[in-house]
Every structure is written in C-alpha cells, then in structure tokens.
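*Asks:* got a structure for you, letters missing:
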Ligand SMILES: Cc1cc2nc3c(=O)[nH]c(=O)nc-3n(C[C@H](O)[C@H](O)[C@H](O)COP(=O)(O)OP(=O)(O)OC[C@H]3O[C@@H](n4cnc5c(N)ncnc54)[C@H](O)[C@@H]3O)c2cc1C
C-alpha cells in the first residue's frame, strides 16, 4: 500500500478543520486534510457568529465573505406564551473592540466556501476531498492512518492526527475517548426558509417563544433567509412532523406561506456533551468532535474555531522545536472550562425554553416577570476569557487597535491582525533586547506609537505599562515590563504552564 508522510493529518474539513488547516499552513506546518464528502455541505447549521470568532476567521480568510452576506441581530428575546418578555439581550450596535460586529447572522456554506478557497491557496496544505479515514494506529513517531479515496486506500504517517470530524468522530471513537453527558437531549425540527420577492428579513430579533404547548425558535439568518425550530412533543417522531401539511401548520402563526420557500427540514437532537480527553499523545480532538452544545447561545461553531486558534500555534511551536510537548497538554485545561461555561449557559437557556409542564412554565413566568422589565433586558453577554495559560491579569480578548497610517476615504486603519498574521504579538513602548529576541524567534513586535488605538482600548489595557504580550489566539498573555513578559512567555512555551492562574477577563 502506498505510504505518504505529513506533519499533521486533519480529519474533517468542516469549518473547524478548514480553519485549523489554514492556520497551520500559515505557520509553515505541512498538512494533509481529508474530507469524506466531495463538496461543502450545502445547507447551514450554524446561524450566528460572535465578534471574537469573526476575528479568528479573518485570520483564516473566512470573515470577509461572511461580512458581505450577514446581518446583525437587534435583540435576542425569550418570551412566554402570552408574548411577555422573560429575558432579553441586546448586542452592542457599534463594532466590538476586536473591530468586528458583536453578532453576525450568517450563511454557513458561504463561510465554508471562503475557507476552502483560502485553503487551496495556502502553501504546504493539501486538501483531499472524497477521502475517508478508516482507521489509524500509533507508533513511536505519531500515527499511521488508513485513508480510503477514489484511487484506493493509502497510508498516511503523521506526527499528529487532529479529529475535526464532527459529533460522530471516528478519530475519537478509535482513541476510545468517552463523552461526558451534561444532561440535555431534546429533539427539535429545524426549518430553514428563503424569503421570496427579494425580501431581506422578516425580523431582526432572534426569538425564543417559551410556550409550554410547543417551544419555538424564530431566527433571522443571512439576509434573505429565516429559520424556525419547533420542539418535538412526546409521541412525535421525525417522520410524523416532516410533511408539507404539518410544516405549513407549524409556520402559519409566524409567516405567510406564500412569502417563503422551504430550503431544509431536519430533526436534530440538541445535546450537551464534552469529550473526556481532548489530547491523547498524537491524537487531538477539536470542534464538535470534542464538544457539542445546544444551539441556544449560537456558540458551537464559535467554540470550535477557538479550539483551532488554541491548538494550531502550539502544534506549530512543538513541531518547530520552539516549545516542549507539554505545551500541548495546556490545550484541554485552557479550552474545556470555557466550553463548559458556555454549554452550561446554553443548557440553562434551553431549560427555560424547553419547559413543557404548564405548572412549571407558570412558576417560571411568575419568577422571571417579578423583576422589573429593565432588569430583564441585558447587554449581550461578553464571554469570559482564558483562566489559565496567561500571566495574572491576562486572559482577556485583545482589542485590535488598528495599524499604520489612515487608509483614507473613510476606510480607517488596517488591522493589527493583518500585520501580525498568526504570530504572537508584543506591543512595546520602547524596543529593547528582549523585544528583539522575541522578534528573532518569530514573534511580531510593534511600537505602541504605530497603533492608532482610536477607541482607546489598548491604552486602557496597558494602563501605562511598558508592554503587552498577546498570544497567537489573541488572548492577552500579560502586561508589564518587556523582559519579564518575554521570559514568562518562554517559560510557558517550555512547560505549558503560565506563572499563576489569571483572573477572568
Ligand atoms: C440547528 C443547529 C444550529 C446551530 N447554530 C449554531 C450557531 O448559531 N452558532 C454556532 O457557533 N454554532 C451553531 N451550531 C453548531 C455548529 O453547526 C457546529 O458546532 C459546527 O458546524 C461544527 O463544525 P465542525 O467542523 O466541528 O464539524 P462538522 O461541521 O460536523 O464537520 C465535520 C466534517 O468531518 C467530515 N468527516 C466525518 N467523518 C469523517 C471521516 N471518517 N473521514 C473524513 N471526513 C470525515 C464530515 O463529512 C464533515 O464535513 C448549530 C448546530 C445546529 C445543528
């Protein structure tokens, strides 16, 4: 059998595998990425991206296409059967400090096509469509995988295999890694529609209709699209709710049938599952292969992209001899608490929505409506940062302060992200020996005076400190004296442990 060799074998080219492949390619790692399907999955699953994810997707070449075909949410509301507001969230209407909208309602296939196009243009990365992983074995050098494609079966030897192969991950199953079930398992009918007659939207509000008779979600997606989700009731099966007649009945209270074209009808079970191990020697899991959450926070894909951003530079650093293998062990401890926190919130929201018992629903309404309406309205949640892997005080999401001269014509400044690429960033008040050593080791160094910082977010973060060091995944590693920061960074690369646990962002 033909045997080939690569540094990293990625299994699955969904949004997470494709993002990871581009990152690794940009960092000079050789990658073979296999995908059992021959084309991009043509229908959307995810509908919402947050600003941090847009920024990370920008680094993988996916955000511009999304930005051209998305719209912001004006509000996300949970209302009871009578239409009263139980709780609501309002995303900021200006751009987030990352330079991206707080919420983007988008079209997933548009993102995936953009990522695939970037992948095709990324040196060192080979994408093989129509190739399925059949199995793999470990050896002293990593793994040897058996891959079946149109031309037959080949063996691929790799230092690392990353399972980005979705909820039913074969990579996870072969490694014998179990799933921790966080106790949510509800079947929902998802109906995606396109709007007729050039109409762009039915509403800009994402709505959870918490009616115990039938919980329903109504969600604007990319312009020209709208999604509804209907919880299945006891005794209903997927087959029993899929007919045209049934679906027309479901949609009747919400929209005129003549205004819509049904693009997809599918029953999903919304789960809350977390893999017990995210790394086992040369085997690594990311995205839905590592965790699945109910969609009430719109964070499943966002979390997978954060996984790719976390593990990519660690793999590159280890493969280039810049970091010890222990750095890879920091992946799960850094990412898992974040995913669990979001999953717990999504489950909590899911429980509010999925209450079917009328008495429980009445008590829920009474409790929530007891608060004055103003207190039921919240700012859109900003997620916590990292709780480990940074110096004390670090861990927040680094703002993009812009870079270089004004581009004129109302275009503002370039992004610092574009200048720095996928490297770690050191912003300094003054160059010194430590900053030069950081640059020589592949880091991106820039003087604070080169950063326009129009929003003042960088100044607020630095608070007069001589330097800030930013991880390649754009979390702040720390602020302080340049030499001490660079030394702490080197120690972290070697050991996978940062000086002390950082406070939440
Ligand atoms: C109804 C619904 C709504 C959602 N809404 C949101 C939202 O608003 N925001 C959000 O962030 N997330 C949302 N999500 C979650 C989001 O869709 C997923 O988290 C995301 O698509 C997972 O991406 P992934 O790349 O990890 O996996 P997938 O997209 O599942 O990709 C896995 C890939 O691996 C391939 N593969 C599998 N096995 C093999 C094999 N043996 N060999 C080769 N290839 C293989 C598959 O063909 C597939 O292409 C939603 C999900 C659902 C179901």
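*Replies:* Arrived safely, thanks for sending. Everything numeric here is computed off the predicted structure, so don't read it as measured data.

*Asks:* in the stretch 51-200 of the chain, which residue sits closest to the ligand?
*Replies:* When distances are taken as C-beta to the nearest ligand atom, the stretch 51-200 of the chain reaches nearest to the ligand at residue 166, 2.9 Å away. For glycine as for every other residue, the C-beta is placed from the backbone atoms N, C-alpha and C.

*Asks:* and that residue, what does it touch?
*Replies:* 12, 14, 287-289 (C-beta atoms under 8 Å, 6 or more residues apart in numbering).

*Asks:* does it lie in a helix or a strand, and which?
*Replies:* Secondary structure assigned from DSSP states H and E places residue 166 in neither a helix nor a strand.

*Asks:* of all the contacts of residue 166, which comes closest to residue 223?
*Replies:* Each of those was scored against residue 223 by C-beta to C-beta, and residue 14 proved nearest at 23.5 Å.

*Asks:* right, and that closest one touches residue 112 too?
*Replies:* Yes - at 7.3 Å, residue 14 counts as touching residue 112 under the criterion of C-beta atoms under 8 Å.

*Asks:* hey, what's in contact with both of these two?
*Replies:* Each of residue 41 lies in contact with both residue 14 and residue 112 under the rule C-beta under 8 Å, 6+ apart.

*Asks:* and the most centrally placed residue in the chain, what's its pLDDT?
*Replies:* Among the residues of the chain, the one closest to the centroid is residue 302, at 1.7 Å (C-alpha atoms, centre = their mean). For residue 302, the model assigns a pLDDT of 98.

*Asks:* can you tell me how far the residue lying closest to it once chain neighbours are set aside is from residue 481?
*Replies:* Counting by C-beta to C-beta, 6 or more residues apart in numbering, the nearest residue to residue 302 once its immediate chain neighbours are dropped is residue 53, at 4.2 Å. Residue 53 sits 33 Å away from residue 481, going by C-beta to C-beta, to the nearest Å.

*Asks:* which of these two has more residues huddled nearby?
*Replies:* Neighbours per residue (other C-beta atoms under 10 Å) separate residue 53 from residue 481, with residue 53 holding more: 28 against 14.

*Asks:* hmm, the helix or strand containing that one touching the ligand?
*Replies:* Assigned by DSSP H and E, residue 53 falls within helix 51-59. No - using C-beta under 6 Å from any ligand atom, helix 51-59 stays clear of the ligand, with a minimum separation of 7.0 Å.

*Asks:* which other helices and strands contact the longest helix that the chain contains?
*Replies:* Of all the elements of type helix in the chain, the one with the most residues (DSSP state H) is helix 331-353. Using 3 or more C-beta pairs under 8 Å, 6 or more residues apart in numbering; DSSP states H and E as the contact criterion, the elements in contact with helix 331-353 are strand 75-80, strand 179-195, strand 205-210, strand 260-275, strand 291-292, helix 300-319.

*Asks:* is the ligand within reach of that helix?
*Replies:* No - for a cut-off given as C-beta under 6 Å from any ligand atom, helix 331-353 has no contacts with the ligand; the smallest distance is 9.8 Å.

*Asks:* quick one: average confidence on the very next helix or strand once past that helix?
*Replies:* If you walk from helix 331-353 toward the C-terminus, the next helix or strand you reach (DSSP H and E) is helix 358-369. Within the predicted structure, the mean pLDDT of helix 358-369 is 97.

*Asks:* from here on, count from 45
*Replies:* Shifting the count to begin at 45 puts that one at helix 402-413.

*Asks:* now helix 402-413 against strand 249-254, angle please.
*Replies:* With axes from the mean of the first three to the mean of the last three C-alpha atoms, to 10 degrees as the criterion, the two stretches helix 402-413 and strand 249-254 enclose an angle of 130 degrees.

*Asks:* paired strands for the worst-scoring helix or strand of the chain on mean pLDDT, with orientation please.
*Replies:* In the chain, the helix or strand scored least confidently by mean pLDDT, DSSP states H and E is strand 421-423, which has a mean of 85. Each strand paired with strand 421-423, and its direction, by DSSP bridges: strand 129-134 (parallel).

*Asks:* pretty sure residue 192 is touching residue 176, no?
*Replies:* Yes - using C-beta under 8 Å as the test, residue 192 is close enough to residue 176 to be in contact (5.3 Å).

*Asks:* need the pLDDT of the closest residue in space to residue 169 that isn't next to it in sequence.
*Replies:* Of all residues beyond its chain neighbours, the one nearest residue 169 is residue 69 (3.8 Å), with distances taken as C-beta to C-beta, 6+ apart. Model confidence at residue 69, given as pLDDT, is 98.

*Asks:* residue 69 falls within a helix, correct?
*Replies:* Yes - checked against DSSP: H, G, I helix; E, B strand; the rest coil, residue 69 lies within a helix.

*Asks:* distance of it relative to residue 489?
*Replies:* For residue 69, the distance to residue 489 (C-beta to C-beta) stands at 23 Å.

*Asks:* looking at those two, which is more packed in?
*Replies:* Shown here are residue 69 and residue 489; by other C-beta under 10 Å, residue 69 has more neighbours (24 against 21).
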